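Asks: structure for this input, please:
(one chain, ligands or ions: 1)
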Amino acid sequence: MNIGPYTIDDYMHLVKSFHGNVAPGLIIGGFMVDLAMKNIPEGVLFDAISETSSCLPDAIQLLTPCTVGNGWLRVVNFGRYALCLYDKYQGDGVRVFMDTKKLQDWPEIRDWFFKLKAKKDQDPAALRDHIIEAGTEILSLGRVHVDIAGLGKKGKGAIATCPTCNEAYPARDGSSCLACQGGGPYDTSPEEQAQGPRPGLKVVTGTKAEKD
Ligand SMILES: [Zn+2]
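Replies: Got it, this is the predicted structure:
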């Protein structure tokens with residue numbers, strides 16, 4: 001049994017180096033991508049949608065040419081464990097999802113997926129084995145058509161310089177960048193952000209920092 005061009009073992013090594021750990025969701029995600037790819041016509045240039053931001057986008061990025069960075073993968077976060085690969089020009093595609101009905105035959109996977117078991121009572125190795133044994137048997141597939149126009153343009157359009165932070169941003173966002181309009185993740189003022197690290201603040205190095 002393979003996942004894309006990889007043996008299960010090779011895929012799990014790949015997952016570990018990219019994702020940090022062999023998360024159950026990424027093993028399932030591997031089977032999902034594999035199933036979807038086998039069901040789109042050969043030679044079709046496809047884009048991808050992940051309906052969740054957890055785990056699944058990484059399986060897509062590992063097994064297809066679609067990444068968040070190149071714009072071929074979009075995360076439309078419905079919180080559903082589902083993905084879609086579709087013809088990037090025509091919109092015709094396949095959608096693969098975790099089938100809750102089929103999950104009833106796989107109680108260990110179901111209990112993990114629905115968080116019915118406390119973490120301390122879980123057996124990660126057994127769960128992994130069950131997931132590999134189940135393969136695509138817990139998945140279902142449907143045909144979909146993607147409203148490509150409704151997804152919105154990928155391009156940024158004209159670029160302006162923000163009068164507050166002096167950084168470049170898409171001009172269509174308004175007279176200043178979205179971060180300076182408020183609502184960003186930082187509770188630090190643009191002036192503070194422009195300063196270097198405070199003296200005594202340790203600079204973080206290591207795998208995480210290097211990856212970014
Ligand atoms: Zn700004």
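Asks: contact partners for residue 194?
Replies: Counting by CB atoms under 8 Å, 6 or more residues apart in numbering, residue 194 touches residue 165. The way it works is simple: take the backbone N, C-alpha and C, and place the C-beta from them, glycine included.
Asks: 10 Å instead?
Replies: Residue 194 is in contact with 165, 166, 167, 188, counting by CB atoms under 10 Å, 6 or more residues apart in numbering.
Asks: most surrounded residue in those?
Replies: residue 165 (17 neighbours; other CB atoms under 10 Å).
Asks: and of the contacts of residue 194, the nearest to residue 159?
Replies: Comparing those against residue 159 with CB to CB picks out residue 167 as the nearest, at 10.3 Å.
Asks: return the closest of the contacts of residue 194 with respect to residue 14.
Replies: residue 167 (35.1 Å).
Asks: that closest one contacts residue 177, doesn't it?
Replies: Yes. Using CB atoms under 10 Å, residue 167 makes contact with residue 177 at a distance of 6.4 Å.
Asks: mutual contacts of these two, please.
Replies: Shared contacts of residue 167 and residue 177 (CB under 10 Å, 6+ apart): 161, 190.
Asks: quick one on the thing from earlier: from the contacts of residue 194, which two are the most distant?
Replies: The distance between the two most remote of the contacts of residue 194 (CB to CB) is 15.7 Å, for 166 and 188.
Asks: now residue 61: phi and psi?
Replies: Dihedral angles of residue 61 (phi, psi; degrees, to the nearest 10) stand at phi -70, psi -30.
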